[in-house]
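I would like the atomic coordinates for the input below:
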Amino acid sequence: MNKRNIMPDKIVPVRIFSLVLITAITFLIYSNSFNCDWHMDDPPNIVNNRALHIENLMPDSIWQTFFANQGRAESKLYRPLACFTFAINWYIGKDHTFGYHVVNFGFHVATAAALYFLFLRLLALLYKPDEHDTNYIHNIALFAAVLWAINPIQIQAVTYIVQRMAVMAAFFYVLSMLYYVKARTSYQTSSRLSSSTCRQVYYTFLCVLWLICAMGSKENALMLPFSLVLVEWIFFQKSRTDFFRRLSTWGAAAVLLVVTIIIVFVVTGGDPFESMTGWYNKRPFSLEERLFAQPRVLLGYLSQIFYPLPERFSIAHDITLSKSLFHPWTTLPAIGVICALIIGAFLLAKRYPLLSFAILFFFLNHAIESSVLALEIVFEHRNYLPSLFLFLPIAAGLYRLLLQQRQNNRMVYGIMAIAVTFMITSVGLCTYSRNETWATVTTLWADAAKKAPNNIRPLVTLGIKLAWQDHPSDRDYHFAIKLFRRALELPETSRKTEKAEILGNIASVYSRKGENEKAIDTYRQAMELNQSFLKNRSDLMKLLILTGNFNEAADHTEYFINKYPKNPDYPSLMGFIRLWENRPEEALTYFQKALAYGPHQLSLLLNTGVALTRVKSYENGRWFLQQSVKRSPGDLSPLLAMIENRARAGDHNRASEYARRALYGFSVPVIYNRLDNADAEFRTVPITPEYIEPFIKNELKKIK
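Down below sits the predicted model:
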């Protein structure tokens, strides 16, 4: 005889109705999010990540997506399951955001549905059939799943496309927990030992499979084995009477933990702690400051979850770093509150299991992203997984209170029912309103600038958006510089790295405006603050070359040659500089180094051909220039360089032939503009007009 009554057949339509209701409510709330823009980490992870831009579904194409860490050439896996789904999105719709949002929403609804089924299983362990009817459990599970799905705290995971990684990890996390509970309870639904064992093996296999999938989506799923131990301790206390059953349960949890650790080492290439300390030198805070600040941040997350007004959510937050336990004064009380919550959850686990589990699960699953890793201090999407069970005790308490009032006081019951309906509607409207803010980069960061006026990120992001948009006006440039200057004045901009980066942005704006001297001076200011900020050094080096400041440009180029000896770009640039300094022999030594590592660079072929021409190696120079002409049909410089090469070599027939080709391919004003500015056109190789112009004039006479 079964140890527990099997739920009656009538629950099937109830479950279907529940799933339809979850989907419908969530769809209404997220209906304005399907055309939201790309944001923050979306471009480097998806739009500009060539490893995800597959053209077919062949195994080789799919395999490369598993290593697509922002397009970096790495040999270790990077969230392969999530990246694979991005690649499929790209294959179907390229860079149109609609399809990506549809998939994100689908995973969000699927997570809510899986959570609903997990709630059913866990509640069935606490409430016996003779104490509560089936509808009682279903209503609590449905209520809790809906409250979780519609809360605005989830927006940053669902509407922010790249955070599909967090959504997928939570989805498979819930599935793994569900099948763990099924495996633990399968013996209760079968009278045959063999059937029970087969089910347990099958469910355990699925539990491990979903664990692997969760880890393949995002690494915060590492806490899953610990969550399963928590499930075992909270929900199976009464059933742990048999020593061997208890031993096998904890043994299974240990196996899961070992599997998880192995997966972590495979995914991270054997260095799971790489980001714990290595990135702190790039952050405006230390490890100690982050650890002291996180208790305040966690309580802030909880306040957002339970008081979810749209104005309380932002992509960026003002957060005062905790310098010690007493600065700011809220640091120590926050630590005390969290310790009290955790201790209370342990002490009251038998009396209030749902509340205890929700509290412990929340803090347990913040242990990775809210501890020692050198991540940003605050990000709301980190609550997607930890918040899974927070609404279960609330739903259970409210529903029980409603039932009591329905029996005792109909008027109070009616008022409470209206209040609960109003609460769900209000939370849904808050989520809908908050999704409007995510429509574009400008709306999102303008909102953040208002809510976090002391945070540099919104100001810098808005400045970049203005200055780097298509066809910016002088007013856009002016306002962008104003935003950058304002960011420099903020107290958060205390580290030289941040100041150097912002000054680099200002210099780049000056450069785009054509104010090269201002740009160079600003880059130099940035370099004084941070010599190792490579982007500023690289941009300054290129601008110095374009303005003919070759001595200073050579110093910076030499720095890059020493730092990246196998990169062909820097010896190529150094050869280019020496060529303009009329030192072709030295230029050739650098071009030879560059050719060893990048023989197919188009500019390198042209530069080498010109250098060989200058050292009177005309035929060798001719070969390189011919390759350049062939591979760059839309470029005038190789043709002019070839005319000079043949003229210097005394091959006037070929010089005339290339002069004709230049006249057929380009207008006369374009050719003469290039010749007239030959001494100051530092964007391309130097040419000698007196060797070229006679052949151009002669061919012009023939055409006329």
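
Every contact and neighbour count from this point should use C-alpha atoms.
Noted.

What's the local residue count around Leu401?
13 (other Cα atoms under 10 Å).

Run through the residues that contact it.
Residues counted as contacts of Leu401 (Cα atoms under 8 Å, 6 or more residues apart in numbering): none.

could you say which helix or strand contains it?
helix 391-408 (DSSP states H and E).

after that helix, next one along is what?
Heading C-terminal from helix 391-408, the first helix or strand you meet, by DSSP H and E, is helix 410-437.

and that next one, what other elements does it pack with?
In terms of contacts (3 or more Cα pairs under 8 Å, 6 or more residues apart in numbering; DSSP states H and E), helix 410-437 is packed against helix 11-30, helix 134-150, helix 155-158, helix 391-408, helix 441-451.

Pull out the buried residues from it.
The neighbour-count check on helix 410-437 (16 or more other Cα atoms under 10 Å) flags 413, 416-417, 424, 427-435, 437 as buried.

Just the CA atoms of stretch 39-58, as CSV, please.
Taking C-alpha atoms only, stretch 39-58 is exported to CSV below (Å, rounded to 0.1, in the frame of the first residue of the first chain):
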residue,chain,number,x,y,z
HIS,A,39,22.8,47.3,-23.2
MET,A,40,26.2,47.3,-21.4
ASP,A,41,27.7,43.9,-21.9
ASP,A,42,25.4,42.9,-24.7
PRO,A,43,27.6,44.2,-27.5
PRO,A,44,30.9,42.6,-26.5
ASN,A,45,29.3,39.3,-25.5
ILE,A,46,26.9,39.0,-28.5
VAL,A,47,26.8,41.7,-31.1
ASN,A,48,30.6,42.0,-31.5
ASN,A,49,31.4,38.4,-30.5
ARG,A,50,32.3,36.7,-33.8
ALA,A,51,32.5,33.3,-32.2
LEU,A,52,28.7,33.4,-31.9
HIS,A,53,28.0,34.6,-35.4
ILE,A,54,27.5,31.2,-36.9
GLU,A,55,26.3,30.8,-40.5
ASN,A,56,25.3,27.1,-40.2
LEU,A,57,24.5,24.5,-37.6
MET,A,58,27.5,22.2,-38.4
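
ok, the buried residues of helix 410-437 vs Cys198, which is closest?
Nearest to Cys198 among the buried residues of helix 410-437 is Ile424, at 42.1 Å by Cα to Cα.

Does the closest one touch Ala149 like I think?
No - contact criterion Cα atoms under 8 Å: Ile424 and Ala149 do not qualify, at 10.8 Å.

Now Thr97: closest residue in space that isn't a chain neighbour?
Asn35 (6.1 Å; Cα to Cα, 6 or more residues apart in numbering).

count of residues packed around the one you found?
Neighbour count of Asn35, defined by other Cα under 10 Å: 18.

quick one on the thing from earlier: least confident of the buried residues of helix 410-437?
On pLDDT alone, Tyr413 ranks lowest of the buried residues of helix 410-437, at 83.

distance of that one from Pro393?
Distance, Tyr413 to Pro393, by Cα to Cα, to the nearest Å: 19 Å.

do Leu544 as well
Relative to Pro393, and taking Cα to Cα, Leu544 is found at 64 Å.

ok, now Leu595?
Taking Cα to Cα as the measure, Leu595 and Pro393 are separated by 68 Å.

and what of Tyr384?
In terms of Cα to Cα, Tyr384 sits 17 Å off from Pro393.

Same question for Glu586.
Counting by Cα to Cα - Glu586 and Pro393 are separated by 76 Å.

which of the two has more neighbours?
Pro393 (20 against 17).

residues in contact with that one?
With Cα under 8 Å, 6+ apart, Pro393 has these contacts: 354-355, 358.

give me that answer again for 6 Å
354-355 (Cα atoms under 6 Å, 6 or more residues apart in numbering).

Would you state the helices of the stretch 1-150 of the chain in chain order?
Assignment of helices within the stretch 1-150 of the chain using DSSP state H, counting those that start in this stretch yields the ranges 11-30, 42, 59-65, 80-93, 97-126, 134-150.

Return the distance of the shortest one from the chain's centre.
Its chain's C-alpha centre lies 6 Å from the corresponding centre of helix 42 when counted by Cα atoms, centre = their mean, to the nearest Å.

Give me the mean pLDDT for it.
93.

same check, this time on the first one
Across helix 11-30, the average pLDDT comes to 90.

same check, this time on the fifth one
Per-residue pLDDT over helix 97-126 has a mean of 95.

What is it packed up against?
Helix 97-126 sits against helix 134-150, helix 164-185, with contacts defined as 3 or more Cα pairs under 6 Å, 6 or more residues apart in numbering; DSSP states H and E.

Let me have those helices in a markdown table, adding mean neighbour count, distance to Phe682 and mean pLDDT as columns.
Formatted as a markdown table, the helices and strands packed on helix 97-126 follow (neighbours: other Cα atoms under 10 Å; distance: least, Cα to Cα, whole Å; pLDDT from 0 to 100):
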| stretch | mean neighbour count | distance to Phe682 | mean pLDDT |
| --- | --- | --- | --- |
| helix 134-150 | 22 | 58 | 91 |
| helix 164-185 | 25 | 46 | 95 |
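
Including distance to Tyr570, could the helices of the stretch 1-150 of the chain go into a markdown table?
Converted to a markdown table, these look like this (distance: least, Cα to Cα, whole Å):
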| stretch | distance to Tyr570 |
| --- | --- |
| helix 11-30 | 49 |
| helix 42 | 30 |
| helix 59-65 | 29 |
| helix 80-93 | 33 |
| helix 97-126 | 37 |
| helix 134-150 | 52 |
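
Out of those helices, which gets nearest to Trp580?
Of these, nearest to Trp580 by Cα to Cα is helix 42, at 40.8 Å.

Can you tell me what sits against that closest one?
For helix 42, contacts defined as Cα under 6 Å, 6+ apart pick out Val162.

Find the helix or strand that Leu606 is a member of.
Leu606 belongs to helix 602-614, assigned by DSSP H and E.

per-residue confidence averaged over the helix or strand harbouring Leu302?
In the assignment (DSSP H and E), Leu302 maps to helix 287-306. The pLDDT scores in helix 287-306 average 93.

Which strands or helices does it pack on?
So helix 287-306, by 3+ Cα pairs under 6 Å, 6+ apart, packs with helix 331-347.

Kindly export stretch 447-463 (C-alpha atoms) in CSV.
Only the C-alpha atoms of stretch 447-463 are listed here, as CSV (Å, rounded to 0.1, in the frame of the first residue of the first chain):
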residue,chain,number,x,y,z
ASP,A,447,17.3,57.3,-15.4
ALA,A,448,20.4,56.0,-13.6
ALA,A,449,22.0,59.4,-13.6
LYS,A,450,19.0,60.8,-11.8
LYS,A,451,18.9,58.0,-9.2
ALA,A,452,22.6,57.7,-8.7
PRO,A,453,24.0,61.2,-9.1
ASN,A,454,27.3,60.3,-7.4
ASN,A,455,27.9,57.3,-9.6
ILE,A,456,30.3,57.9,-12.5
ARG,A,457,29.1,55.1,-14.7
PRO,A,458,25.8,56.7,-15.9
LEU,A,459,27.6,60.0,-16.8
VAL,A,460,30.4,58.2,-18.7
THR,A,461,27.9,55.9,-20.5
LEU,A,462,25.7,58.8,-21.6
GLY,A,463,28.7,60.8,-22.7
